[in-house]
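> Fold the following for me, if possible:
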Amino acid sequence: MYGKTDDPDFSHIEGYEDHSLNIMATFDREEKLTGFVVNLACPSQVSEGEFLISADFWSETRNELRKRFGEDIFVLAQCSSAGDQSPHILINKKGEERMLNLSGRTEREEISIRIADGIEKILPLIKREISFDPIFSYIYKKVLLSRRKITDEELNFCLKEAEKHYKEYERLKKELEENPEKRREKRWYVPITYNYRRAQWFMSVKDKFERQKINPKIEIVLHILRLGDIVFATNPFELYLDYGIQIKARSKAIQTFVVQLTGPGTYLPTTRSVKGGGYGSVSPSNIVGPEGGRELVEETLKLIEELFK
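Predicted structure coming up:
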């Protein structure tokens, strides 16, 4: 997702990438195009770290699709399993930057063009199989997943880190109280907010540690919807890519739209990710670990199978 690839110690990109572009087009009874469901395994965070509210590349994508197919086209964006994915270029950055400069596009605009080109290429094929009365069925189910097991060592480390950040927060708070004019500085709130949130983030592990003693399982909700030969399978997590690939590979549907973050979920990392110790893999970032991830895959596939019996 991030990191310096020009470092002498860089050896490889650890994870896989999913370049599939899953599309469902919608039409009215006169076969006039009305919209698209667009599903891809990439979070919309080209502009992350900026101080603004934005739909990120989905804004440019909607504009580009409406320019090509009509101003009244509705676009429903879906993020497939992409908890360990990012739209940022890690390899050949200079070459990519040169291409953007030559084309006069921003990175967000370039992504929107690629999505729109993909849709425009396959739309004539989609129109060959318009179905006015597709099979429709739906399952809503609450399932139990194993909590991530937090060790005493992890707890102690997180408590120490929480204390460190809380002390820094208190220092910054006192400094602001003594020097109120600092509030007139640009983004004066960033350091104090960061340390407060970081302290809370590490401290959350204590509650998770206590909860796992009482109940080793956590309840989540899955929505599985069949529309013709397509299935939409949701989960509430920032689900790591491998799990989505497993669901797609074994699904009974011709096309499986995995949809993450349909609820208040956290990261759901894989075993190799936990070993690597990335941000999304450490205990403050998740409540369900690899064991629960495998359970999620099996539960999802079981429900998809039910809809195709």
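> Quick one: the helices in this protein, in order.
Assigned by DSSP state H, the helices in the chain fall at 57-69, 93-103, 107-126, 152-178, 189-214, 241-250, 271-276, 290-307.
> now the ones you listed in JSON lines, with mean neighbour count?
Using the backbone N, CA and C atoms, a C-beta is placed for each residue, glycine as well. Output for the helices of the chain, formatted as JSON lines (neighbours: other C-beta atoms under 10 Å):
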{"stretch": "helix 57-69", "mean neighbour count": "19"}
{"stretch": "helix 93-103", "mean neighbour count": "11"}
{"stretch": "helix 107-126", "mean neighbour count": "16"}
{"stretch": "helix 152-178", "mean neighbour count": "14"}
{"stretch": "helix 189-214", "mean neighbour count": "15"}
{"stretch": "helix 241-250", "mean neighbour count": "20"}
{"stretch": "helix 271-276", "mean neighbour count": "16"}
{"stretch": "helix 290-307", "mean neighbour count": "19"}
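> Tell me which of the ones you listed sits nearest to P8.
helix 93-103 (16.8 Å; C-beta to C-beta).
> Would you mind pulling up the elements that the closest one packs against?
helix 107-126 (3 or more C-beta pairs under 8 Å, 6 or more residues apart in numbering; DSSP states H and E).
> Check which helices and strands the helix it packs on sits against.
The contact analysis (3+ C-beta pairs under 8 Å, 6+ apart) places helix 107-126 against strand 21-27, strand 33-40, helix 57-69, helix 93-103.
> May I have that helix as PDB, with CA atoms only?
Taking C-alpha atoms only, helix 107-126 is exported to PDB below (Å, rounded to 0.1, in the frame of the first residue of the first chain):
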ATOM      1  CA  GLU A 107      -4.300  10.900 -10.900                       C
ATOM      2  CA  ARG A 108      -8.000  10.900 -10.100                       C
ATOM      3  CA  GLU A 109      -9.000  11.900 -13.600                       C
ATOM      4  CA  GLU A 110      -6.700   9.100 -15.000                       C
ATOM      5  CA  ILE A 111      -8.500   6.500 -12.900                       C
ATOM      6  CA  SER A 112     -11.900   7.800 -14.000                       C
ATOM      7  CA  ILE A 113     -10.800   7.600 -17.700                       C
ATOM      8  CA  ARG A 114      -9.700   4.000 -17.200                       C
ATOM      9  CA  ILE A 115     -12.900   3.000 -15.500                       C
ATOM     10  CA  ALA A 116     -15.100   4.700 -18.200                       C
ATOM     11  CA  ASP A 117     -13.000   3.200 -21.000                       C
ATOM     12  CA  GLY A 118     -13.600  -0.300 -19.500                       C
ATOM     13  CA  ILE A 119     -17.300   0.300 -19.200                       C
ATOM     14  CA  GLU A 120     -17.600   1.700 -22.700                       C
ATOM     15  CA  LYS A 121     -15.800  -1.300 -24.200                       C
ATOM     16  CA  ILE A 122     -18.100  -3.900 -22.600                       C
ATOM     17  CA  LEU A 123     -21.500  -2.000 -22.700                       C
ATOM     18  CA  PRO A 124     -22.400  -3.300 -26.200                       C
ATOM     19  CA  LEU A 125     -21.900  -6.800 -24.900                       C
ATOM     20  CA  ILE A 126     -24.000  -6.100 -21.800                       C
END
